[in-house]
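Student: Output the structure for:
(one chain, ligands or ions: 2)
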Amino acid sequence: MNLEIRYLKGVGPARASRLQRLGIETVGDLLLHVPRRYVDRRHVASIASLRTGREAVVAGTVVHTRFSRSRKGRRIFHATVTDGTGSLDLTFFHADYLKRRLRPGVRVSASGEVRFFGGPAMAHPDLVFLDDDGDTSGSQGVVPVYPLTEGIGPRTIVRLVDAALEGVGESVPMAVPDEALQSRGFRSGAEVLRAVHRPEDPREGIRAREVLALEDLYIYQQMLAAFRREHRVADGAPIPAGREELERFEASLPFRLTGAQERALGVLSSDMESAVPMRRLLQGDVGSGKTVVAAALCRLAHAAGLQSAVLAPTEVLASQHMRSLGGFLERLSVGCGLLTGSTPAGERERLSEALESGDISVLVGTHAVLEGSVPLQRLGLLVVDEQHKFGVEQRERLLAGREPRPHLMVMSATPIPRTMAMTLYGDMDLAVLDEMPPGRGSITTRVMHRERRGEIFDFLLARLEDGERAFIVYPLREASEHRDLRDATSAYEILRDGPLGRFGISLLHGSMSGPEKVAATESFASGRTSVLVSTTVIEVGIDVPEATVMVISGAERFGLSQLHQLRGRIGRGGRSSWCFLVHGDGMDETAWERLRILAETTDGFRIAEKDLELRGPGEVIGTRQHGLPDFPVADLERDMDLLTEARELAGRYPTPPDLDGLFEGRFGRPSPLTSERAERDE
Ligand code: ADP
Ligand code: MG
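Tutor: Ligands and ions are numbered 1, 2, ... in the order given. Next comes the predicted model:
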């Protein structure tokens, strides 16, 4: 299985490098390159017998091809196929490449759902080129359809897989427990592999694919479980949840905690009383008040003579935390310091001394905090905000090798459904802030065409006259990296010289340096300027209760959750707020849908559900962004049920003896556990 692909029969250097580009480096990788679906050629239907709405397989010869355009102007390629009983129209969007292959005279088998457009038709059917595959693929029976592979034809893949199957023989160890195979009718790993590539019937292939997808998820879940176990056996420092401490903390606040904050604090503080280090995810919508909960925990750690570190993914966010968290803590004379990548050496020195002497016990920063030689010997609590931007592995590196093992709290403003939370944070317990602080003004959201900019600016002017503040946001453009900067920058220049100018305008965009960003944010937060023109860098973390207006340009380009996060920057004070979603021409239907939902609700969980519906789980959780591996077989879109099964199995079965090796073999990158052990053993 671990044999390098270039040693496989039929693979020369050129083919090996092409396969490598597909991520296939070993024979095992090739065997996990499973068919997308199967075409059941055992039951070929005659075209005359086709029924609209049914799935069917037909075989015939291309007699005619042409192009047409859809109503929306998309190019459609048509190939008419006949089998002697009738003719069938095969249609493909944006598929000019097929023109060369689907030529008159070519014999194909097509499978898909039968539609009716003036005659029987199939849109984007699965194709098998009959002359191509000849007998080698067993095209008379069940034909596997592999994902499109550049430079490697279907016939080649079939042949290589055959060689690989032969090569591995009967001994194919599986990481998933036998019961997962048996419940799907398989007795061995070899059977599973044979069935996924060369099934007797498509359903057998689908069951075999399930076993392999389950194995992906199982390995990942075992890794999360191992984190959890290692963490559990590590010695943590118990932090007493002194009732008095908490009361003093609450008494020092300018507001009363919400019921949800009280409950979360109860759970978290009792977690920390144990010598088993805490691992908790605190999930709460934007504005639900996670920061003050974090501050309370830092306060408890301080009282126990321990340090806390609070990490944010960006400098802007870190300095924001420093302000709000620091505000809560310094009133109780708990010293806080800010350390980011751009902290000058002298200041760094001073911070180190203050940490050592105990003048500072809470360090806020970007992950630069835990790199290098910061004296955090008595780190009792690690708080990570927006952890998905860090990834599981990075987070583990921060904890690894520390003695005692710090308690961990991760804060996330992305409300995700339970099953998803399990994939991402399967190694953590959950606490939820499901209640907003009282006294928030309402937010009115309007969807407006950009031609009505004038009205919006008149409105804006009136709010500023009243002493309120406003965000003006421009989208990041994918097409050209600098375009977003230009949009925001030129808008900034125009506004500065116009009637808004006298209120003071700050500019914030991604190409500014860390300190520049912080300076811009600070002058807006402190009220020196009343307008902040920015790109989406303000998405998370800025907390300016005086801000009551947000104008989002090019709103149709933003995702639903992103707009929700953005809008969460206003409506934080007691006054009513307004959000303008400004769009241009030519919005598609889903863009309208997104804006409509936002205008309708401010409920983060409802918005998350809608987002999931519109984009699907794969898009919403992303993979890389969350530090998830690329699963070779499993597809988060399709395999949510398997995820539950994988987690359940991982809970019942012990860690596989060679988990690190399994992980690396499967995901093509070293297991995070390896680095954790290496660091500990040093
Ligand atoms: P998030 O969960 O988005 O991080 P924050 O912690 O930034 O939310 O809180 C948002 C705002 O609400 C802050 O200005 C904070 O001071 C305020 N806040 C937090 N808890 C309460 C509360 N219980 N009552 C009133 N205001 C609160
Ligand atoms: Mg926050």
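Student: and Pro313, how far is that from Ser412?
Tutor: Here the criterion is Cβ to Cβ, to the nearest Å. By it, Pro313 lies 11 Å from Ser412. Quick note: C-beta positions are derived from backbone N, CA and C, even for glycine.
Student: neighbour count winner among these two?
Tutor: Ser412 (21 against 18; other Cβ atoms under 10 Å).
Student: what sits against the nearest residue to that one once chain neighbours are set aside?
Tutor: In space, and not counting its chain neighbours, Ser412 is closest to Gln283: 5.2 Å by Cβ to Cβ, 6 or more residues apart in numbering. By Cβ atoms under 8 Å, 6 or more residues apart in numbering, the residues touching Gln283 are Met411, Ser412, Ala413, Thr414, Pro415, Ile416, Ala421, Leu430, Ala431, Val432, Leu433.
Student: Lowest-confidence one in the residues you listed?
Tutor: Of all these, Pro415 has the smallest pLDDT value, namely 67.
Student: who's in contact with the host helix or strand of Arg615?
Tutor: Using DSSP states H and E, the element containing Arg615 is helix 604-621. Here helix 604-621 makes contact (Cβ under 8 Å, 6+ apart) with 285-286, 413-417, 420, 423-424, 559-561, 564, 568, 590, 593-594, 597-598, 601, 628, 635-637, 640.
Student: likewise stretch 168-180?
Tutor: For stretch 168-180, using Cβ under 8 Å, 6+ apart, the contacting residues are 1, 27, 31, 181, 188-190, 192-193, 211, 214-215, 218-219, 222, 645, 649, 653, 656, 662, 666.
Student: ok, of those, which come out buried?
Tutor: 1, 27, 31, 181, 189-190, 192-193, 211, 214-215, 218-219, 222, 645, 649, 653, 656, 662, 666 (16 or more other Cβ atoms under 10 Å).
Student: how long is stretch 504-517 end to end?
Tutor: Terminal residues of stretch 504-517 are spaced 16 Å apart (Cα to Cα, to the nearest Å).
Student: tell me the mean pLDDT for it?
Tutor: 86.
Student: does Val57 really touch Ser46, like I thought?
Tutor: No. Counting by Cβ atoms under 8 Å, Val57 sits too far from Ser46 to count as a contact (10.8 Å).
Student: Now a PyMOL select for only the buried ones of the contacts of helix 604-621.
Tutor: To isolate the buried members of the contacts of helix 604-621 in PyMOL, using 16+ other Cβ under 10 Å:
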select buried, resi 285+286+413+414+415+416+420+423+424+560+561+564+568+594+597+598+628+636+640
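Student: so which of the contacts of helix 604-621 are also by ligand 1?
Tutor: Applying Cβ under 6 Å from any ligand atom to those, one finds that Val286, Ala413 fall near ligand 1.
Student: on that earlier part again, and Val57 and Ser46? Which one has more around it.
Tutor: More crowded of Val57 and Ser46, by other Cβ under 10 Å: Val57, with 19 against 14.
Student: how about the more buried one, what does it touch?
Tutor: Per Cβ under 8 Å, 6+ apart, neighbours of Val57: Val39, Asp40, Arg41, His43, Val44, Ala45, Ser109, Ala110, Ser111.
Student: Redo the residues you listed as a markdown table? Include secondary structure.
Tutor: Formatted as a markdown table, the contacts of Val57 follow (DSSP: H, G, I helix; E, B strand; the rest coil):
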| residue | secondary structure |
| --- | --- |
| Val39 | strand |
| Asp40 | strand |
| Arg41 | helix |
| His43 | helix |
| Val44 | coil |
| Ala45 | coil |
| Ser109 | strand |
| Ala110 | strand |
| Ser111 | strand |
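Student: Measure how far stretch 319-331 is from the centre of its chain, please.
Tutor: A distance of 29 Å separates the centroid of the chain from that of stretch 319-331, by Cα atoms, centre = their mean, to the nearest Å.
Student: in the stretch 201-350 of the chain, which spans are strands?
Tutor: For the stretch 201-350 of the chain, applying DSSP state E, counting those that start in this stretch gives strands covering 279-284, 307-311, 336-339.
Student: most neighbours per residue, which of the ones you listed?
Tutor: strand 307-311 (a mean of 26; mean count of other Cβ atoms under 10 Å).
Student: Who are the packing partners of it?
Tutor: Using 3 or more Cβ pairs under 8 Å, 6 or more residues apart in numbering; DSSP states H and E as the contact test, the elements touching strand 307-311 are helix 290-303, helix 315-330, strand 362-365, strand 379-385.
Student: For that strand, give me every contacting residue.
Tutor: Contacts of strand 307-311 (Cβ under 8 Å, 6+ apart): 294, 297-298, 301-302, 318, 321, 325, 355, 361-367, 369-370, 376-385, 390, 398, 406.
Student: cool, stretch 463-476 as well?
Tutor: 460, 484, 487-488, 491, 495, 500, 503, 510, 524, 527, 530-536, 538, 544, 546-555, 557-558, 566, 569-570, 575, 578.
Student: and the protein, what are its domains?
Tutor: Per automatic domain parsing, the structural domains of the chain span 5-37+158-201, 43-140, 443-621.
Student: Can you get me a residue count around the residue lying closest to Arg496 once chain neighbours are set aside?
Tutor: Nearest non-adjacent residue to Arg496, counting by Cβ to Cβ, 6+ apart: Ile505, 5.2 Å away. For Ile505, the neighbour count with other Cβ under 10 Å is 24.
Student: Would you confirm that Ile505 contacts Val533?
Tutor: Yes. Ile505 is within contact range of Val533, at 6.1 Å (criterion: Cβ under 8 Å).
Student: which residues do the two both contact?
Tutor: Joint contacts of Ile505 and Val533 (Cβ under 8 Å, 6+ apart) are Tyr492, Leu495.
Student: In the stretch 1-150 of the chain, which residue sits nearest ligand 1?
Tutor: Gly23 (38.0 Å; Cβ to the nearest ligand atom).
Student: got a list of what that residue touches?
Tutor: Applying Cβ under 8 Å, 6+ apart, the residues near Gly23 are Asp29, Asp630, Pro632, Gly668.
Student: Top of those residues by number of neighbours, please.
Tutor: That'd be Asp29 among the contacts of Gly23, by other Cβ under 10 Å, with 22 neighbours.
Student: Test my guess that it contacts Pro632.
Tutor: Yes. Contact status for Asp29 versus Pro632: in contact at 7.1 Å, counting by Cβ under 8 Å.
Student: Can you tell me the SS state at the nearest residue to Gly119 once chain neighbours are set aside?
Tutor: Counting by Cβ to Cβ, 6+ apart, Gly119 lies nearest to Asp89, which is 6.1 Å off, once chain neighbours are set aside. Under three-state DSSP, Asp89 falls in the strand class.
Student: State the number of residues packed around Asp89.
Tutor: For Asp89, the count of nearby residues is 19 (other Cβ under 10 Å).
Student: what separates it from Val383, distance-wise?
Tutor: In terms of Cβ to Cβ, Asp89 sits 60 Å off from Val383.
Student: Off-centre distance for the lengthiest strand in the chain?
Tutor: In the chain, ranked by residue count with DSSP state E as the criterion, the top strand is strand 55-69. Relative to its chain's centre, strand 55-69 lies at 39 Å (Cα atoms, centre = their mean).
Student: Pull out the buried positions in that strand.
Tutor: Buried residues in strand 55-69 (16+ other Cβ under 10 Å): Ala56, Val57, Val58, Ala59, Gly60, Val62, Thr65.
Student: Asp285 contacts Glu435, doesn't it?
Tutor: No. Look at Asp285 against Glu435 with Cβ under 8 Å: they stay out of range, at 9.5 Å.
Student: Looks to me like Val633 is in a helix.
Tutor: No. Going by three-state DSSP, the assignment for Val633 is coil, not a helix.
Student: who in the chain is up against ligand 1?
Tutor: Checking the chain against ligand 1 by Cβ under 6 Å from any ligand atom, the hits are 255-258, 261, 284, 286-292, 413, 437, 543, 545, 572.
Student: So which of those are in helices?
Tutor: Gln261, Lys290, Thr291, Val292 (DSSP state H).
Student: so which of those residues comes closest to Glu200?
Tutor: If you rank these by distance to Glu200 using Cβ to Cβ, Lys290 comes first, at 54.0 Å.
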